[in-house]
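*Asks:* How does the following fold in three dimensions:
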Amino acid sequence: MNATIVVHNVSAAYRKTEVLSNISFQVMPGTLTAIVGPNGAGKSTLLKTMLELHSKTTGEVTFLGQPYRRAKTSIGYVPQRGSVDWDFPTNALDVVLMGLYGKIGWLKRPSKADREQAMEALRAMGMEQYADRQISQLSGGQQQRVFLARALVQDAVLYFLDEPLAGVDAATERIIMETLQQLKNKGRTVMVVHHDLQTVEDYFDHVLLLNRTVIAHGATSEVFTDEKLHRTYGGTLRWMRERV
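*Replies:* Numbers count the residues shown, from 1 in each chain. You can find the predicted model right below:
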């Protein structure tokens, strides 16, 4: 089985400050991976660099054996909620339809079938009753569900999500994680920037520990250990798992 994501010797910087150093790892299909590390570790920057939203200074990234520009139609991305202009005048259904523009084109009107496909994605996220609601009028959790629906409607092979559980209610967290598990079970590859160490073992089968470089990467049972967490977080680690 070939890796669906290959990152080789990737470095990135903001101005002259290096924020990612010699990042290398491979991700296999049908895996749900948490990207975990302290604040400032480069977690969001890693996703943005992989998806060519931020320039890399060295290295290369391939998806399904191809560079991003050739594989982008197979990729779904959910950015941090705080990075989105929620005052943009559009409703939830139109946001989800944006996920189909790669297929239907930006200059064509969505068909009835396209709109039904978008509605089905909203139904999957429990948001169909808000289809006509302006996104600025939705709660944070509801906004996050809409953006995940936009990614789902793409029917992508690879999914990248940047802290999708940050600041959401318990019901939204449950729906999001159930959806990501379903994608994994269908053989899709999912990578998630995640901040809650207490739920990593419950939610993810693989972990990438990051602090400007890769500290460890692999199955959660092998990587998510006290020793590797201390190497990742150093003196900033304030959480310890309870041993039964």
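*Asks:* Name the strands paired with the helix or strand hosting Met191 and say parallel or antiparallel.
*Replies:* For Met191, the host element (DSSP states H and E) is strand 189-193. Paired strands of strand 189-193, with direction, are strand 32-36 (parallel), strand 158-162 (parallel) (DSSP bridges).
*Asks:* Show me what counts as buried in the helix or strand just after the last one.
*Replies:* Scanning forward in sequence from strand 158-162, with DSSP H and E defining helices and strands, the next element found is helix 170-185. The neighbour-count criterion (16 or more other C-beta atoms under 10 Å) identifies Thr172, Glu173, Ile175, Ile176, Met177, Thr179, Leu180, Leu183, Lys184 as the buried residues of helix 170-185. Heads up, the C-betas are built off the backbone N, CA and C, glycines and all.
*Asks:* Glu178 and Met125: what is the separation?
*Replies:* 10 Å (C-beta to C-beta, to the nearest Å).
*Asks:* pLDDT score assigned to Glu227?
*Replies:* With respect to pLDDT, Glu227 scores 91.
*Asks:* Could you look up the SS state of it?
*Replies:* helix (DSSP: H, G, I helix; E, B strand; the rest coil).
*Asks:* How many residues are close by it?
*Replies:* 8 (other C-beta atoms under 10 Å).
*Asks:* Would you mind listing the buried residues in stretch 25-44?
*Replies:* 25, 27, 29, 31-38, 41-44.
*Asks:* looking at it, Ala124 is touching Ala151, isn't it?
*Replies:* No - the criterion here is C-beta atoms under 8 Å, and Ala124 misses it with Ala151 at 11.2 Å.
*Asks:* These two: who's more crowded?
*Replies:* Higher neighbour count among Ala124 and Ala151: Ala151, with 22 against 18, using other C-beta under 10 Å.
*Asks:* where's that one relative to Ala166, distance?
*Replies:* 16 Å.
*Asks:* can you check Arg15 too?
*Replies:* From Arg15 to Ala166 the distance is 26 Å (C-beta to C-beta).
*Asks:* circling back: possible to save the buried residues of helix 170-185 as JSON lines with pLDDT and distance to Ala3?
*Replies:* Listed next are the buried residues of helix 170-185 as JSON lines, based on pLDDT from 0 to 100; distance: C-beta to C-beta, whole Å:
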{"residue": "Thr172", "pLDDT": "90", "distance to Ala3": "31"}
{"residue": "Glu173", "pLDDT": "93", "distance to Ala3": "29"}
{"residue": "Ile175", "pLDDT": "91", "distance to Ala3": "29"}
{"residue": "Ile176", "pLDDT": "92", "distance to Ala3": "25"}
{"residue": "Met177", "pLDDT": "95", "distance to Ala3": "24"}
{"residue": "Thr179", "pLDDT": "93", "distance to Ala3": "23"}
{"residue": "Leu180", "pLDDT": "96", "distance to Ala3": "19"}
{"residue": "Leu183", "pLDDT": "95", "distance to Ala3": "17"}
{"residue": "Lys184", "pLDDT": "96", "distance to Ala3": "16"}
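*Asks:* Do a quick rundown of the strands in this structure.
*Replies:* Along the chain, the segments classed as strands by DSSP state E run 5-14, 17-27, 32-36, 56-63, 75-78, 158-162, 189-193, 206-210, 214-219.
*Asks:* Spatially central residue in the chain, please.
*Replies:* Leu161 (1.3 Å; C-alpha atoms, centre = their mean).
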